[in-house]
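# Sequence first, predicted coordinates after that:
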Amino acid sequence: MSRRFTQVDRSALDQVRDAAQRALAELLSGVDRVVILDAPFHRNFGDALILCGELTLLRRLGIAVLSVSDINTYAPVLLRALPADVVVLIHGGGNFGDLYPEHEQFRRRVLADLPDRRIISLPQSLHFVDEANIDACRRSLVAHPDLTLAWRDRWSFELAQQQFPGVRSVLMPDLAFGLVPWSPPRRTLRPVVPVSILGRRDGETSGLRRLADELGANRDWSLVTWEKILIRPVDRILGALMRRRGSIADRIRTRTLIRHASILAAAAARQVSSAELLVTDRLHAVITAVLLDIDVLAVHSLDHKLEHLLATWLPDAQVTVLESPQEALEIARNR
């Protein structure tokens, strides 16, 4: 193959991980127990990568995770019964704003339900399509007396300071970087191909998915048969516990959600490692490729969050990000 589209110094990744750990340690100074809300129970591998990074960093800091819950299993009664020094962490990602109203409404519900609890929203990207929605968000945020918002890129951080001046904001890397160093999988469970196209199928698509679908070449995040067999009992346990409440159900659910995320994170590593060149518009597919030293050609997302993240934490890295999915596919064809 010709020149690589992606070259990132390994020491630079160590520095980003260390920056994430320092920022998290500062936020949680004196804290030894937390709970995590809005954890992923779906097939977005990126959210699973973030949760695994969050858990890894918390473990390094010696902080115990007492409970992990998703939107549907959130139980404010159990949280209110916890000791006062237990901090509530809201899982990081890219859903702060009005692109994903379910998560935005959930955040507001948590803030209203737990006014006496210290809450930290882990690193997010900030994006509102309709500026009219910012006012409602602002009112919810400023009403909580002990809230910290972490942002994973400087653009989101500065926008948050402008829009939410009464709320503490901090700048922190995406916590998927907590997985550094991450070794490539020994087996991909997939045929190794020269080029793989991974185009997102949700509202943030760049159009890469549509073009790749026409070629019959798009995969998005996907599990192979062995991985589906592995995750099936995990899904069944979580489904059975969906409406159960109580401490025992919560403990089982916590372990199972963590297991669910670890299976998807491993699948992400295998899928990305099955290509010599990955073409994608998914932020965490790019991050996975960078962490595993796989060549990647990126297409910008709807809100340019990939470019914002790279400019903030890896400004000297060579990561090719194109505006046009057509151009990306043409380059892929030439490869």
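Nice, thanks for sending it over.

# Longest strand of the chain, counting residues only.
For the chain, the strand reaching the highest residue count under DSSP state E is reported as strand 119-127.

# pull the CA atoms of the helix or strand that that strand is followed by into PDB?
Proceeding N to C from strand 119-127, the next assigned helix or strand is helix 132-142, under DSSP states H and E. Presented in PDB, the C-alpha positions along helix 132-142 are these (Å, rounded to 0.1, in the frame of the first residue of the first chain):
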ATOM      1  CA  ALA A 132     -34.400  27.700  21.200                       C
ATOM      2  CA  ASN A 133     -33.700  24.400  23.100                       C
ATOM      3  CA  ILE A 134     -30.700  25.900  24.800                       C
ATOM      4  CA  ASP A 135     -32.800  28.000  27.200                       C
ATOM      5  CA  ALA A 136     -34.600  25.000  28.600                       C
ATOM      6  CA  CYS A 137     -31.300  23.200  29.000                       C
ATOM      7  CA  ARG A 138     -29.700  26.200  30.700                       C
ATOM      8  CA  ARG A 139     -32.600  26.400  33.200                       C
ATOM      9  CA  SER A 140     -32.200  22.800  34.200                       C
ATOM     10  CA  LEU A 141     -28.500  23.000  34.600                       C
ATOM     11  CA  VAL A 142     -28.300  26.200  36.700                       C
END
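
# Residue numbering should commence at 860 henceforth.
Shifting the count to begin at 860 puts that one at helix 991-1001.

# Residues in contact with helix 991-1001: which ones?
Taking contacts as CB atoms under 8 Å, 6 or more residues apart in numbering, the residues outside helix 991-1001 that touch it are 956-957, 963, 966-967, 970-971, 987, 1006, 1008, 1022-1023, 1025-1026. Any C-beta I mention is one placed from the backbone N, CA and C, and that applies to glycine too.

# Residue ranges in the protein under the pLDDT threshold?
Confidence mapping of the chain against pLDDT under 70 gives the ranges 860-861.

# quick check: domain ranges of it?
Partitioning the chain according to automatic domain parsing yields domains covering residues 867-1038, 1052-1193.

# My read is that Ala879 contacts Gly1037, right?
Yes: counting by CB atoms under 8 Å, a contact exists between Ala879 and Gly1037, whose distance comes to 5.8 Å.

# who touches both of these two?
Common contacts of Ala879 and Gly1037, defined by CB under 8 Å, 6+ apart, comprise Gly912, Leu916.

# Helices of the stretch 1060-1194 of the chain, residue ranges please.
Along the stretch 1060-1194 of the chain, counting by DSSP state H, counting those that start in this stretch, helices occupy 1067-1073, 1084-1099, 1106-1132, 1142-1151, 1164-1172, 1184-1193.

# Name the stretch among those that sits most buried.
When neighbours are counted by mean count of other CB atoms under 10 Å, the highest per-stretch mean among the helices of the stretch 1060-1194 of the chain falls to helix 1142-1151, a mean of 26.

# Need the residues that contact that helix.
With contact meaning CB under 8 Å, 6+ apart, helix 1142-1151 is reached by 865, 867, 872, 904-905, 908-909, 953, 1033, 1035-1036, 1038-1039, 1041, 1043, 1057, 1080, 1127-1128, 1131-1132, 1137, 1139, 1153-1155, 1157, 1160, 1164-1165, 1168, 1173, 1176, 1178.

# 7 Å instead?
By CB atoms under 7 Å, 6 or more residues apart in numbering, the surrounding residues in contact with helix 1142-1151 are 865, 867, 872, 904-905, 908, 953, 1033, 1035, 1038-1039, 1041, 1043, 1057, 1127-1128, 1131-1132, 1137, 1139, 1155, 1157, 1160, 1164-1165, 1178.

# Next: stretch 884-895.
Where contact means CB under 7 Å, 6+ apart, the residues beyond stretch 884-895 that reach it are 913, 917, 920, 922-927, 938, 944-948, 950, 979, 1007, 1029.

# Equivalent analysis for stretch 1099-1111, please.
Judged by CB under 7 Å, 6+ apart, the contacts made with stretch 1099-1111 from elsewhere in the structure are Ser926, Asn931, Thr932, Ala934, Leu937, Arg1112.

# Start and end of it, how far apart?
For stretch 1099-1111, the first-to-last residue distance is 11 Å (CA to CA, to the nearest Å).

# what's around Val1052, how many residues?
Residues within reach of Val1052, counting by other CB atoms under 10 Å, total 14.

# Give the burial count for the residue nearest to Arg863 when sequence neighbours are not counted, as a bare number.
Nearest-residue entry for Arg863: Asp1154, 4.7 Å, with adjacent residues in sequence omitted and distances by CB to CB, 6 or more residues apart in numbering. The burial metric for Asp1154, expressed as a neighbour count using other CB under 10 Å, is 19.
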